[in-house]
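*Asks:* A predicted structure for the sequence below; I have some questions about it.
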Amino acid sequence: MSAPASVRPAAPRPGGATGATGAAGYDVLRVREDFPILSRRVYGKPLVYLDNAATTQKPRAVMDAVRSLYENSYANIHRGVHFLSVESSEAYEKARETMKDFLHAGDTREIVFVRGTTEGINLVAQTYGRANVRAGDEILISALEHHSNIVPWQILCEEKGAKLVVAPINERGEIRMDELERRLSGKTKIVAVSHVSNALGTVNPVKSIIALAHGRGVPVLVDGAQAAPRLSVDVRDLDCDFYTFSGHKMYGPTGVGILYGKAEHLEAMPPYQGGGDMISSVTFEKTTYNILPYKFEAGTPNIAGGIGLAAAADYMRSLGIENIEAHENDLLSYATGRLSAIPGLRVIGTAREKAAVLSFTLEGVHPHDVGTVLDREGVAVRTGHHCAQPVMDFFQVPATTRASFGLYNTREEVDVFFAGIQKVVEMFRP
């Protein structure tokens with residue numbers, strides 16, 4: 001696919017395997033050595049992990065960063081004057097600086113550590129949303145959204161008497177931009193849209209959406225959970241107001257993520273939670289709040305998670321994010337070509353701009369049966385509605401089988417996956 005407008009090119013990484021193992025110039029066999037779990041066998045067969053849209057495996061660099069903290073430097077941060085506390089605090093704030101650079105943000109004040117994409121969206125809904133949405137107002141999302149970018153806005157709309165407006169998609173699984181623009185109105189108070197669809201892999205034209213919304217004075221939140229692992233995200237180039245993603249989907253730890261917000265919004269927003277570290281002073285009469293970003297980081301944070309997330313970002317950048325994208329696109333193209341030869345197999349989501357997610361149905365076979373047979377072949381895929389039930393409803397399917405590729409997958413693993421699908425066909429269509 002062509003690179004989205006937000007992708008910033010970088011120098012190619014020299015050397016590497018070519019041909020059947022993946023895209024030229026990318027040494028995927030060397031990369032796989034960094035992931036100990038990939039040497040596992042499942043039911044006596046080599047593990048083929050194709051559930052990366054749900055969560056990714058972790059490289060040694062991430063595990064080593066977390067282990068080093070706990071073995072050498074761990075203490076609570078921002079509160080102590082002793083050596084370990086100072087050392088841990090410095091490491092945590094260095095991680096914040098790394099994530100600022102990862103997003104090409106302008107200031108660390110705009111980088112808030114959260115538990116993940118879900119908390120990032122809820123934070124914005126319950127702070128910016130509560131402060132700015134009134135009865136009769138509208139919140140605009142797309143029909144592609146994950147439940148995490150639907151339910152928080154529904155809760156807000158119910159509380160405020162506002163309306164949730166949905167921009168439809170076409171049969172390819174692409175947002176209908178004309179309809180999205182038509183739904184932008186003087187009542188729209190915020191637009192919330194995914195950068196990449198978790199269910200279909202559609203890469204949405206978020207820069208164009210942001211420009212349309214800003215033309216009407218409407219801020220935009222971007223759910224970047226599926227984009228952060230594979231696209232070079234430049235929040236200043238996109239000009240988004242908020243951008244959020246999860247660490248565990250980009251080869252980092254669980255329980256940690258990032259919310260980027262423009263400083264002017266974050267300054268005006270009330271706190272999300274109350275407690276330690278988000279305050280400047282507390283009396284029984286009045287509390288004053290800490291400066292950004294700490295105003296939104298109540299309590300002891302996931303210190304090791306933040307440091308591990310920064311290690312994951314550094315690891316991805318060491319490979320070259322544009323190389324990761326090219327490698328995954330090669331796998332998607334190869335897998336799509338192989339599966340197209342299977343009678344009765346229907347790919348769900350054929351967007352012209354698409355990331356490495358392959359959702360499909362197999363005529364006469366329930367996706368859970370497909371997933372169970374593949375599991376016995378050592379192949380891990382996801383089956384179900386993928387927390388995107390409205391997407392399934394649009395395509396009139398109860399569920400799909402979803403194979404999602406990561407930076408360590410190979411064409412040979414696609415071949416194993418393909419052989420597993422053929423076995424499913426043989427079993428259920430004798």
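*Replies:* Done, it's in.
*Asks:* my guess is residue 105 meets residue 112, correct?
*Replies:* No: with contacts counted by Cβ atoms under 8 Å, residue 105 stays clear of residue 112, the gap being 11.0 Å. Using the backbone N, CA and C atoms, a C-beta is placed for each residue, glycine as well.
*Asks:* Which of the two has more residues huddled nearby?
*Replies:* Neighbours were counted for residue 105 and for residue 112 using other Cβ atoms under 10 Å; residue 112 has more, 25 against 22.
*Asks:* Adjacent strands (with direction) for the helix or strand where the more buried one lies?
*Replies:* Using DSSP states H and E, the element containing residue 112 is strand 111-114. Taking DSSP bridges as the criterion, strand 111-114 forms sheet pairs with strand 257-261 (antiparallel).
*Asks:* re the thing from before, alpha carbons only: can I get the strand holding residue 112 in CSV?
*Replies:* C-alpha atoms of strand 111-114 as CSV (Å, rounded to 0.1, in the frame of the first residue of the first chain):
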residue,chain,number,x,y,z
ILE,A,111,2.7,12.8,27.3
VAL,A,112,0.4,11.1,29.9
PHE,A,113,1.1,7.6,31.0
VAL,A,114,-2.2,5.6,31.2
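*Asks:* For the very next helix or strand once past that strand, C-alpha coordinates in CSV please.
*Replies:* Per DSSP H and E, the first helix or strand lying C-terminal to strand 111-114 is helix 117-124. Output of helix 117-124 as CSV, limited to C-alpha atoms (Å, rounded to 0.1, in the frame of the first residue of the first chain):
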residue,chain,number,x,y,z
THR,A,117,-5.9,2.8,24.9
THR,A,118,-9.1,2.1,26.8
GLU,A,119,-8.1,4.3,29.7
GLY,A,120,-6.8,7.0,27.4
ILE,A,121,-10.2,7.3,25.6
ASN,A,122,-12.1,7.2,28.9
LEU,A,123,-9.9,9.9,30.3
VAL,A,124,-10.7,12.2,27.5
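*Asks:* starting at the chain centroid, how far to helix 117-124?
*Replies:* Between the centre of helix 117-124 and the centre of its chain there are 12 Å (Cα atoms, centre = their mean, to the nearest Å).
*Asks:* before we move on, what about stretch 265-279?
*Replies:* 24 Å.
*Asks:* What is the end-to-end distance of that stretch?
*Replies:* Length of stretch 265-279, first residue to last, Cα to Cα, to the nearest Å: 19 Å.
*Asks:* repeat for stretch 218-235
*Replies:* 16 Å.
*Asks:* next one: stretch 131-140
*Replies:* By Cα to Cα, the extent of stretch 131-140 from end to end equals 17 Å.
*Asks:* do the same with stretch 249-265
*Replies:* End-to-end distance for stretch 249-265, by Cα to Cα: 26 Å.
*Asks:* Just give me the neighbour total for residue 131.
*Replies:* Using other Cβ under 10 Å, residue 131 has 11 other residues around it.
*Asks:* tell me the mean pLDDT over the host helix or strand of it?
*Replies:* Applying DSSP H and E as the criterion places residue 131 in helix 130-132. For helix 130-132, mean pLDDT is 96.
*Asks:* Neighbouring strands of the helix or strand following it in the sheet, and parallel or not?
*Replies:* Reading on from helix 130-132 to the C-terminus, the next helix or strand found by DSSP H and E is strand 138-142. Here strand 138-142 is paired, per DSSP bridges, with strand 163-167 (parallel), strand 188-194 (parallel).
*Asks:* and stretch 311-327, which residues are buried?
*Replies:* Using 16 or more other Cβ atoms under 10 Å as the test for burial, stretch 311-327 gives 311-316, 319-327.
*Asks:* Of those, which is the nearest to residue 359?
*Replies:* For these, the closest approach to residue 359 (Cβ to Cβ) belongs to residue 325, at 19.2 Å.
*Asks:* Before we go further, that closest one is sitting in a helix, right?
*Replies:* Yes: under DSSP: H, G, I helix; E, B strand; the rest coil, residue 325 falls within a helix.
*Asks:* these two touch, right, it and residue 229?
*Replies:* No: using Cβ under 8 Å as the test, residue 325 is too far from residue 229 to be in contact (9.7 Å).
*Asks:* contacting residues for residue 138?
*Replies:* 162, 163, 164, 165, 185, 187, 188, 189 (Cβ atoms under 8 Å, 6 or more residues apart in numbering).
*Asks:* pLDDT value on it, please?
*Replies:* pLDDT for residue 138: 98.
*Asks:* Can you read off the backbone torsions of residue 392?
*Replies:* phi -60, psi -40 (degrees, to the nearest 10).
*Asks:* should've said residue 398
*Replies:* Geometry field for residue 398 lists phi and psi as phi -80, psi -30, criterion degrees, to the nearest 10.
*Asks:* burial of the spatially closest residue to it that is not a sequence neighbour, as a residue count?
*Replies:* Leaving aside its chain neighbours, residue 398 sits nearest to residue 392 (6.4 Å; criterion: Cβ to Cβ, 6 or more residues apart in numbering). Neighbour count of residue 392, defined by other Cβ under 10 Å: 18.
*Asks:* With the one 10 residues further on instead?
*Replies:* Neighbour count for residue 402, taken as other Cβ under 10 Å: 27.
*Asks:* Check residue 285 too.
*Replies:* Residue 285 has 5 nearby residues by other Cβ under 10 Å.
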